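Engineer: Got a sequence here, can you model it:
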Amino acid sequence: MQGVTVVDHPLVQHKLTLMRDKNTSTAGFRQLLREIALLLTYEVTRDLDLTTRPIETPLGPMQAPILKGKKPVFASILRAGNGLLEGMLDLVPSARVAHVGIYRDPETLEPNEYYFKAPDDLEGRLVIVVDPMLATSNSASAAIEKLKERGARDIRFVCLLAAPEGIERFQAAQPGVPIITGAIDDHLNDHGYIVPGLGDAGDRLYGTK
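Structural biologist: The predicted model follows:
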C-alpha cells in the first residue's frame, strides 16, 4: 500500500501477538509496547540526515557520523500515545516532545481536543506523531492539523495497528504523511474498534478496564 510501511520484523510480530492476547497482564502489555516502540522508531528514523564531526577515539582521530540539524519532535496523542513515547525516548533521548490531548466521542467517533503543548519551533524539524491505533483516523488527523498550525511540515505517523478504513481516510485528509505500522488488520467494527486488534490500547496500558 503506497505511503504505508508495515514493519514486519519477526520481533515486532512476535511481541504484537503477545500484546493482542487478552490474557497478557497490564505490566506485560506496557513493557511490550515500550519494546515495540524501539523497533518502530528504528524504522521511522532510518533516513535521518547525518553529518560528521572530528573526534578522538582511544586509537586516533576520525571524522565520525552524527545526526544533522534540529532534534526531532515526538508528538504523543494522549493518552495511549505515551506508551509508545517512552520507548521512543529510550532510543532518541534528545528528542523534543509534544502532547496532543484528544479523546474520541463514543457516540459520534469524532475527536475532541482538550490539551495541546508543543515546542514553538516545529518548522524545520521532523515531527513523528505516535498513537498505538489508527482506527477511524479522526484523532490522528486532528492532531496533525494542530501541529501544522504550529508550523510542522515534515510529519510522519507511527502506530502499532491500522485498519484499512483508517488508512484510506487518513491519506485523504493528510496526503503525503507516511504511515509506519506494525500491522494492517481486517476492518473496523460498528464501534470504531480495529478487528481483530488488541482492544482499547489506553485501557490495557493503564489498567483502567
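Engineer: How far does the helix ranked longest in the chain sit from its chain's centre?
Structural biologist: The residue-count maximum for a helix in the chain (DSSP state H) belongs to helix 26-44. Relative to its chain's centre, helix 26-44 lies at 10 Å (Cα atoms, centre = their mean, to the nearest Å).
Engineer: Going C-terminal from it, what's the next secondary structure element?
Structural biologist: strand 50-57 (DSSP states H and E).
Engineer: any idea of the mean pLDDT for that following strand?
Structural biologist: Averaging pLDDT along strand 50-57 gives 97.
Engineer: So which elements touch that strand?
Structural biologist: Packing partners of strand 50-57 (3 or more Cβ pairs under 8 Å, 6 or more residues apart in numbering; DSSP states H and E): strand 60-67. The C-beta positions use only the backbone N, C-alpha and C, and glycine is treated the same way.
Engineer: so what's the most centrally placed residue in the chain up against?
Structural biologist: The residue lying closest to the centre of the chain (Cα atoms, centre = their mean) is Val130, at 2.4 Å. By Cβ atoms under 8 Å, 6 or more residues apart in numbering, the contact set of Val130 is Ala37, Phe74, Ala75, Ser76, Ile77, Gly81, Leu84, Leu85, Met88, Phe157, Val158, Cys159.
Engineer: The longest helix of the chain: which residues count as buried?
Structural biologist: Buried residues in helix 26-44, counted by 16 or more other Cβ atoms under 10 Å: 29-41, 43-44.
Engineer: Relative to Ser76, how far out is the residue nearest to the centre of the chain?
Structural biologist: 6 Å (Cβ to Cβ, to the nearest Å).
Engineer: Could you do Arg30 as well?
Structural biologist: In terms of Cβ to Cβ, Arg30 sits 15 Å off from Ser76.
Engineer: can you give me the strands in the chain?
Structural biologist: Secondary structure of the chain by DSSP state E: the strands cover 4-6, 50-57, 60-67, 73-78, 96-104, 111-117, 126-130, 133-134, 154-162, 179-184, 187-188, 194-195.
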